[in-house]
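> okay, structure incoming, though there's no sequence with it:
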């Protein structure tokens, strides 16, 4: 039965109009719905709207600034060489790492020459594993949502100075300074990349320079830089100095003998001073005559006091202050000394 809201008359379910007063019975439904809305507290309606807006906002923020979104933006910027986006996304945890035009160009040069690195970087960001770049939360967006940025690995470059007053530099800035020959110094940290690095140094009062393309990246965070041309110049100059010293010593000795044939000349001289301590290179033997090579090979044994059957060799080494004959020495050598003997002999 349907009750008329105007006259309270009861009507059948099928009737649309009241049989007593003619009022539409459908007004009851509209009135019931309106009553429900009026009975619902306002704060519940507002809360529901806020929750819907917050959920939508979270979805939008995640799609724009979430971890996956930032990783995708970073990879896209690498591919498109978008330095502006890269500068915004890369925020080093180590404040010593400089993110500027030069370092970003070095990074893009690395990517250009090694395009497969893009996939490696993308995988490491998705898997959140260690690599050239990692993801980290840095600050908040709108005071609520984490701001994700790209944290780069810092690489150290290590250099041994082949001369004195050594300066390392890029096109636009000085990297560092090493005062003395043979000193080893570290510089950095640097953003991964391929950098044009120039070395300028003094070798026997002569200024020499060399520029190399330094690959500053990899699993090892310390990168050793080698300036081959300068090292060769330094070694050649050193060998020439050794030869000049040997000639001077020989001339002095001959003059002393001319003055007094019975005089024995002693000196403290090695043709190859490092032959007992390290593996030699072929370049270490440049400029040595066959006679010098023969003496250099045998001085490895002479250090142990080997007694030579050759009167010439025994006389030569007997004139060295460091030589002390040892009749019990059996001729044993270290692995690098054996290698050096074979190397020198191959050049004689």
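Everything's here; your move. Note that the coordinates shown come from a computational prediction; the quantities given were computed from them, not determined experimentally. Numbering: from 1, shown residues only.

> what's in contact with stretch 320-333?
Here stretch 320-333 makes contact (Cβ atoms under 8 Å, 6 or more residues apart in numbering) with 266-270, 300-307, 317-318, 341. In this view, the C-beta of every residue, glycine as well, is placed from N, C-alpha and C.

> nearest to residue 126, of the residues you listed?
residue 341 (55.2 Å; Cβ to Cβ).

> so what does the helix or strand where the closest one lies touch, helix or strand wise?
For residue 341, the host element (DSSP states H and E) is helix 335-347. Helices and strands touching helix 335-347, by 3 or more Cβ pairs under 8 Å, 6 or more residues apart in numbering; DSSP states H and E, are helix 290-302.

> tell me which other helices or strands the helix it packs on touches.
Using 3+ Cβ pairs under 8 Å, 6+ apart: helix 290-302 touches helix 311-318, helix 335-347.

> adding distance to residue 198, write those out as TSV.
Compiled in TSV, the helices and strands packed on helix 290-302 are given as follows (distance: least, Cβ to Cβ, whole Å):
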stretch	distance to residue 198
helix 311-318	44
helix 335-347	33
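
> which stretch among those comes nearest residue 216?
Comparing the helices and strands packed on helix 290-302 by Cβ to Cβ, helix 335-347 comes nearest, at 30.9 Å.

> could you check how far that closest one is from the centre of its chain?
36 Å (Cα atoms, centre = their mean, to the nearest Å).

> what residues sit buried inside that helix?
For helix 335-347, burial by neighbour count (16 or more other Cβ atoms under 10 Å) applies to 336, 337, 340, 341, 343, 344.

> just checking, the third one touches residue 282?
Which is residue 340. No: between residue 340 and residue 282 there is no contact under Cβ atoms under 8 Å: 11.2 Å.

> can you spell out the domain ranges of the chain, please?
According to automatic domain parsing, the chain comprises the domains 1-34, 61-152, 155-227, 266-347.

> let's have these in JSON lines, adding distance to residue 235.
Listed next are the domains of the chain as JSON lines, based on distance: least, Cβ to Cβ, whole Å:
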{"stretch": "domain 1-34", "distance to residue 235": "97"}
{"stretch": "domain 61-152", "distance to residue 235": "30"}
{"stretch": "domain 155-227", "distance to residue 235": "8"}
{"stretch": "domain 266-347", "distance to residue 235": "5"}
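
> next, format the ones you listed as a markdown table and append distance to residue 234 and mean pLDDT.
Output for the domains of the chain, formatted as a markdown table (distance: least, Cβ to Cβ, whole Å; pLDDT from 0 to 100):
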| stretch | distance to residue 234 | mean pLDDT |
| --- | --- | --- |
| domain 1-34 | 95 | 72 |
| domain 61-152 | 27 | 87 |
| domain 155-227 | 4 | 93 |
| domain 266-347 | 10 | 89 |
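
> hey, where'd the strands end up in this protein?
2-3, 10-11, 133-141, 145-152, 155-160, 164-169, 174-178, 184-190, 193-203, 206-216, 222-224 (DSSP state E).

> adding mean neighbour count as columns, could you present those in JSON lines?
Formatted as JSON lines, those follow (neighbours: other Cβ atoms under 10 Å):
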{"stretch": "strand 2-3", "mean neighbour count": "15"}
{"stretch": "strand 10-11", "mean neighbour count": "14"}
{"stretch": "strand 133-141", "mean neighbour count": "14"}
{"stretch": "strand 145-152", "mean neighbour count": "19"}
{"stretch": "strand 155-160", "mean neighbour count": "18"}
{"stretch": "strand 164-169", "mean neighbour count": "18"}
{"stretch": "strand 174-178", "mean neighbour count": "15"}
{"stretch": "strand 184-190", "mean neighbour count": "17"}
{"stretch": "strand 193-203", "mean neighbour count": "20"}
{"stretch": "strand 206-216", "mean neighbour count": "16"}
{"stretch": "strand 222-224", "mean neighbour count": "14"}
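
> which residue sits farthest out from the middle of this structure?
What lies farthest from the middle of the chain is residue 20; by Cα atoms, centre = their mean that is 94.4 Å.

> my guess is it contacts residue 3. True?
No: applying Cβ under 8 Å, one finds residue 20 not in contact with residue 3, separated by 11.0 Å.

> now for these two: what residues contact both?
Joint contacts of residue 20 and residue 3 (Cβ under 8 Å, 6+ apart) are residue 9.

> thinking again about what came up before, out of the strands of the chain, nearest to residue 73?
The nearest among those, by Cβ to Cβ, is strand 145-152 at 9.2 Å.

> tell me which of the helices and strands packed on helix 290-302 sits nearest to residue 151.
Nearest of the helices and strands packed on helix 290-302 (Cβ to Cβ): helix 335-347, 43.0 Å.

> ok, residue 186 touching residue 223?
No: using Cβ under 8 Å, residue 186 makes no contact with residue 223, being 9.9 Å away.

> now for these two: what residues contact both?
Joint contacts of residue 186 and residue 223 (Cβ under 8 Å, 6+ apart) are 156, 157, 158.

> check the gap between residue 165 and residue 181 for me.
9 Å (Cβ to Cβ, to the nearest Å).

> what does residue 285 give?
For residue 285 relative to residue 181 (Cβ to Cβ), the value is 21 Å.

> check residue 308 too.
35 Å.

> show the contacting residues for the residue nearest to residue 93 when sequence neighbours are not counted.
In space, and not counting its chain neighbours, residue 93 is closest to residue 151: 5.0 Å by Cβ to Cβ, 6 or more residues apart in numbering. Contacts were defined as Cβ under 8 Å, 6+ apart; by that measure residue 151 touches 90, 91, 92, 93, 133, 134, 135, 136.
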